[in-house]
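A.B. asks: heads up, no residue letters with this:
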């Protein structure tokens, strides 16, 4: 049985010139299903938890089409802007979306525009809480692979930063030290300690690559939330990344020994250091990075590790009926993620502004093509995906 999956999509609004403009106050006021972030220049929508990928495709596209239509009515060429950082400028000012919110005040005063980023959070439902904690351990060690696939923020303030994911390089991971939780009880105890110490302002203030999630954290938990991914605007690429994550979790649920605390030759402290270093390496070079495998610490190219994982989970994905959504990963491995494609264009002489402007148009075109056959039956959705890979 397929697991439920839902996405939290953060995206910038602005003009077709690439200028990012804060419009979340108006969007949240006029459209249902959208929520504001602390800074008004990006807005978030959430898909419901769904089992099927064809319905998830609709859940990704329909709110974006609605938002695009709304923005077009505002005039001034307002649109949606791809990328996960303030690529062309704007890091000098924090534009509060809710001046009366004390948590937003804390965020602005503590982190500034470091947190004014756009990303994808992937939530996968796992109802058994101890299995969920084990899943978080495994995904914590493999999260850099998903960052490598999704990196889309090589520019900041109109400059090349030296990072494929400038977002994850500068985003304030909080608290600074997050353990590999050994049990649900360990997670509850640790969370309560952080709230007492003030290293977390509330139960949501756990900003790590992955975390357990639920409606009453830390006690009632029912899903894994992968938070490391940059914004992926291509829906087929995004579905492929979700499918890879679900297949890996299905594989873990079928194998009780698939656990870094059981299968790794490294100590828990060594695993944490390895995970942190891999995240840094993936933020710098994404698919071109050299990572270290959690099983034994051996050096491995990110592309090679992803290919190994792809082959490993293929039988499980086929058994569960969603292997057809994985092939776009091969296209990413072959042609590069968005950051790599943008940097290749930069090396050919294009400016960051031109690159972002062209990406705005490309994103809109990709949406329009898919929207023509929106909410296809699953068999047709499979054919559509394979024809575009």
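C.D. replies: It's in. This one's a predicted model, so the numbers in the text were calculated from it and none came from an experiment.
A.B. asks: residues of the strand ranked longest in the chain that come out buried?
C.D. replies: Scanning the chain for the strand with the most residues, using DSSP state E, yields strand 5-15. Applying a neighbour-count criterion of 16 or more other Cβ atoms under 10 Å, one finds 5-15 buried in strand 5-15. Backbone N, C-alpha and C define where each C-beta goes, glycine included.
A.B. asks: Stretch 256-274 now?
C.D. replies: Buried residues in stretch 256-274 (16+ other Cβ under 10 Å): 258-260, 264, 266, 271-272, 274.
A.B. asks: now for these, which pair is the farthest apart?
C.D. replies: 258 and 272 (18.7 Å; Cβ to Cβ).
A.B. asks: How much space separates residue 232 from residue 241?
C.D. replies: 6 Å (Cβ to Cβ, to the nearest Å).
A.B. asks: And the two? Which one has more around it.
C.D. replies: Ranked by neighbour count (other Cβ atoms under 10 Å), residue 232 and residue 241 place residue 232 first, with 29 against 23.
A.B. asks: got the phi/psi numbers for residue 234?
C.D. replies: phi -80, psi 120 (degrees, to the nearest 10).
A.B. asks: Over to residue 136?
C.D. replies: phi -60, psi -40.
A.B. asks: Surely it and residue 213 touch.
C.D. replies: No. Judged on Cβ atoms under 8 Å, residue 136 makes no contact with residue 213 at a distance of 9.7 Å.
A.B. asks: tell me, what's touching these two both at once?
C.D. replies: residue 224 (Cβ atoms under 8 Å, 6 or more residues apart in numbering).
A.B. asks: related to what we said a few turns ago, which residues are common contacts for residue 232 and residue 241?
C.D. replies: Counting by Cβ under 8 Å, 6+ apart, the residues touching both residue 232 and residue 241 are residue 150.
A.B. asks: if we can go back for a sec, for the longest strand of the chain, what does the pLDDT average out to?
C.D. replies: Confidence over strand 5-15 (mean pLDDT, whole number) is 98.
A.B. asks: Give me the contact list for stretch 169-182.
C.D. replies: 110-111, 114-115, 117, 133, 136-137, 140, 161, 163, 186-187, 190, 194, 199-200, 205-209, 212, 260-261, 268, 271-272, 280, 283-284.
A.B. asks: Please tell me how far residue 16 sits from residue 364.
C.D. replies: 9 Å.
A.B. asks: For those two, list the residues in contact with both.
C.D. replies: residue 79.
A.B. asks: How many residues are close by residue 180?
C.D. replies: The burial count for residue 180: 21, using other Cβ under 10 Å.
A.B. asks: try residue 139
C.D. replies: The burial count for residue 139: 25, using other Cβ under 10 Å.
A.B. asks: ditto for the one 4 residues further on
C.D. replies: Residues contacting residue 143 under the criterion other Cβ under 10 Å number 24.
A.B. asks: Kindly confirm whether my reading is correct that it touches residue 209.
C.D. replies: Yes. Applying Cβ under 8 Å as the test, residue 143 and residue 209 come out as touching, 3.9 Å apart.
A.B. asks: between those two, what contacts are shared?
C.D. replies: Joint contacts of residue 143 and residue 209 (Cβ under 8 Å, 6+ apart) are 226, 228, 275, 279.
A.B. asks: what's the closest non-adjacent residue to residue 110?
C.D. replies: residue 172 (7.8 Å; Cβ to Cβ, 6 or more residues apart in numbering).
A.B. asks: What of residue 150?
C.D. replies: residue 229 (4.1 Å).
A.B. asks: residues in contact with the one you found?
C.D. replies: Here residue 229 is in contact with 119-122, 146-147, 149-150, 241 (Cβ under 8 Å, 6+ apart).
A.B. asks: In helices only, show me these.
C.D. replies: 146-147, 149-150, 241 (DSSP state H).
A.B. asks: Most widely separated two among the residues you listed?
C.D. replies: 147 and 241 (10.3 Å).
A.B. asks: residue boundaries of the helices in this structure?
C.D. replies: Going by DSSP H, the chain shows helices at 24-30, 53-74, 102-111, 129-150, 166-170, 184-197, 235-254, 260-263, 268-285, 302-320, 328-335, 338-347, 352-372, 378-388.
A.B. asks: Take those helices and lay them out in CSV including mean pLDDT.
C.D. replies: Putting those into CSV (pLDDT from 0 to 100) gives the following:
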stretch, mean pLDDT
helix 24-30, 96
helix 53-74, 94
helix 102-111, 94
helix 129-150, 98
helix 166-170, 98
helix 184-197, 98
helix 235-254, 97
helix 260-263, 98
helix 268-285, 98
helix 302-320, 97
helix 328-335, 97
helix 338-347, 98
helix 352-372, 93
helix 378-388, 48
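A.B. asks: out of those helices, nearest to residue 295?
C.D. replies: Closest among the helices of the chain, using Cβ to Cβ: helix 260-263, at 6.0 Å.
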